[in-house]
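Trainee: Give me coordinates for this.
(one chain, ligands or ions: 2)
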Amino acid sequence: MKIAIIGTGNLGKSIAKGLITNNAITSLYLTKRNLEDIQEFDGYKNVHLTTDNTEAVRQSDIIIFAVQPAHFEQILNYIKPELTEKHVLISTITGFLIPKIEAQVGADKFIIRAMPNTAIAVGKSMTCLCSNVQGAKRIKIAEAIFNRLGHSLSIPESQMQAATVVCASGVAFWMRLIRATTQAAIQLGFDAKEAQELAMYTSEGAASLLITNGNHPEEEIDRVTTPKGCTIEGLNEMEHKGLSSSLIQGMIASFNKISNIKEEQI
Ligand SMILES: NC(=O)C1=CN([C@@H]2O[C@H](COP(=O)(O)OP(=O)(O)OC[C@H]3O[C@@H](n4cnc5c(N)ncnc54)[C@H](OP(=O)(O)O)[C@@H]3O)[C@@H](O)[C@H]2O)C=CC1
Ligand SMILES: O=C(O)[C@@H]1CCC=N1
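Mentor: Numbering: from 1, shown residues only. Ligands and ions are numbered 1, 2, ... in the order given. Next up, the predicted model:
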């Protein structure tokens, strides 16, 4: 696959790492105005670094946009003359709806929105996908890319804002939970490195149980909570302090913020 990433910042770099590590490219163009930050990709076979977005578009079939929302419209306008019937446009831009992309480049283009997360760098992204009517004809290509770099789910665009919070911001939310677990483990006597090891592999094991067994989390919790035991004591104390409630409220706040992001960034 001939892929370009327009805007190789935090997410763009993560996607590039995932694509390269998983041998998912024939050629890969990475663009950015300042190329210093992406020198780590220099020298990889078939990977090209450039400040020229139009060159990247001309040389590629699949164009993944990973710029900040405030920059997207201008970039679309700029590359529009280069777009042909071969191009599949994949936008990871938060809060930038398909009708707005169509208004810039035309509804006849294959347009897909993807909401991956930074775990794409290690082939473990949960990525939600949606498309315009034309893009539906190419959604299999996007599924093939993102399934290779984790797990994908096609959803209606109306759910994309929620998917951004749950999956993309979700990595940050899970990191805080893992960090808090680590801090507790240190207080309970482990050194910092061991504490993080315990927290990381325990959270991986918990998620793997659900993925492998397909159970509801409470079923797995029931297997751990010995009557009058220490687990239920800890769980109930966490809930008295508002664990579930604060997570839910934080995610709703994150969701509500998305509608204002582009306006505030300008
Ligand atoms: N970070 C994440 O985990 C996720 C982010 N997203 C979305 O992805 C997008 C990018 O986010 P993120 O990676 O965090 O942001 P970053 O700011 O880290 O990356 C954006 C990159 O775009 C580059 N850029 C800006 N203008 C241009 C231009 N004209 N041509 C080419 N490149 C340009 C910038 O580099 P330079 O200034 O050198 O050009 C910068 O490195 C956002 O829309 C965000 O909502 C979605 C899911 C997850
Ligand atoms: O924080 C943000 O706005 C972006 C979108 C989801 C992850 N990062």
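Trainee: check contacts around the residue of the stretch 51-200 of the chain found nearest ligand 2.
Mentor: In the stretch 51-200 of the chain, no residue comes nearer to ligand 2 than residue 168, which is 3.5 Å away by CB to the nearest ligand atom. Glycine gets a C-beta too; all of them are placed from N, C-alpha and C. Residues near residue 168 by CB atoms under 8 Å, 6 or more residues apart in numbering: 94, 115-117.
Trainee: out of those, which touch ligand 1?
Mentor: 94, 115, 117 (CB under 6 Å from any ligand atom).
Trainee: In strands, which of those residues fall?
Mentor: Within the ones next to ligand 1 among the contacts of residue 168, residues falling in strands by DSSP state E are residue 115.
Trainee: can I get the ones next to ligand 1 among the contacts of residue 168 in TSV with pLDDT?
Mentor: Below are the ones next to ligand 1 among the contacts of residue 168 laid out as TSV (pLDDT from 0 to 100):
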residue	pLDDT
94	97
115	98
117	98
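Trainee: Let's see if you can find the most crowded of the ones next to ligand 1 among the contacts of residue 168.
Mentor: Neighbour count (other CB atoms under 10 Å) singles out residue 115 as the most crowded of these, with 29 neighbours.
Trainee: Quick one: the contacts of residue 168 as a markdown table, columns for distance to residue 242 too.
Mentor: What follows is the contacts of residue 168, written out as a markdown table (distance: CB to CB, whole Å):
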| residue | distance to residue 242 |
| --- | --- |
| 94 | 27 |
| 115 | 28 |
| 116 | 30 |
| 117 | 26 |
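Trainee: which one of these is nearest residue 238?
Mentor: Nearest to residue 238 out of the contacts of residue 168 is residue 117 (CB to CB; 25.1 Å).
Trainee: my guess is that closest one meets residue 167, correct?
Mentor: Yes: with contact defined as CB atoms under 8 Å, residue 117 counts as touching residue 167 (5.4 Å).
Trainee: So which bits of the stretch 101-250 of the chain are right by ligand 1?
Mentor: 115, 117-118, 168.
Trainee: go with 5 Å
Mentor: 118, 168 (CB under 5 Å from any ligand atom).
Trainee: Tell me which stretches of the stretch 101-250 of the chain form strands.
Mentor: Taking DSSP state E, counting those that start in this stretch, the strands of the stretch 101-250 of the chain run over residues 110-115, 125-131, 150-154.
Trainee: Among these, show me which one is buried the most.
Mentor: Ranked by mean neighbour count, those are led by strand 110-115 with a mean of 27 (mean count of other CB atoms under 10 Å).
Trainee: Of all the residues in this structure, which one is nearest ligand 1?
Mentor: For the chain, CB to the nearest ligand atom, closest residue to ligand 1: residue 9, 1.7 Å.
Trainee: tell me the helices in the protein, going along the chain?
Mentor: Under the criterion DSSP state H, helices of the chain are mapped to 10-21, 53-58, 69-79, 98-105, 139-148, 160-163, 170-187, 192-213, 217-224, 230-240, 243-258, 261-265.
Trainee: So which of the ones you listed is nearest residue 37?
Mentor: Short answer: helix 10-21, nearest of the helices of the chain by CB to CB, at 8.1 Å.
Trainee: hang on, the earlier thing: list the contacts of the nearest residue to the residue of the chain closest to ligand 1 once chain neighbours are set aside.
Mentor: Among residues not flanking residue 9 along the chain, residue 66 sits closest, at 6.5 Å (CB to CB, 6 or more residues apart in numbering). Applying CB under 8 Å, 6+ apart to residue 66 gives the contacts 5-9, 11-12, 15, 92-93.
Trainee: Most widely separated two among the residues you listed?
Mentor: 8 and 93 (14.3 Å).
Trainee: Now do the residue lying farthest from the centre of the chain against ligand 2, distance only.
Mentor: Using CA atoms, centre = their mean, the residue of the chain lying farthest from its centre is residue 228. It sits 40.5 Å away. The spacing between residue 228 and ligand 2, counted by CB to the nearest ligand atom, to the nearest Å, is 42 Å.
Trainee: Next up, phi/psi of that residue, please.
Mentor: When quoted as degrees, to the nearest 10, the phi and psi of residue 228 stand at phi 60, psi 20.
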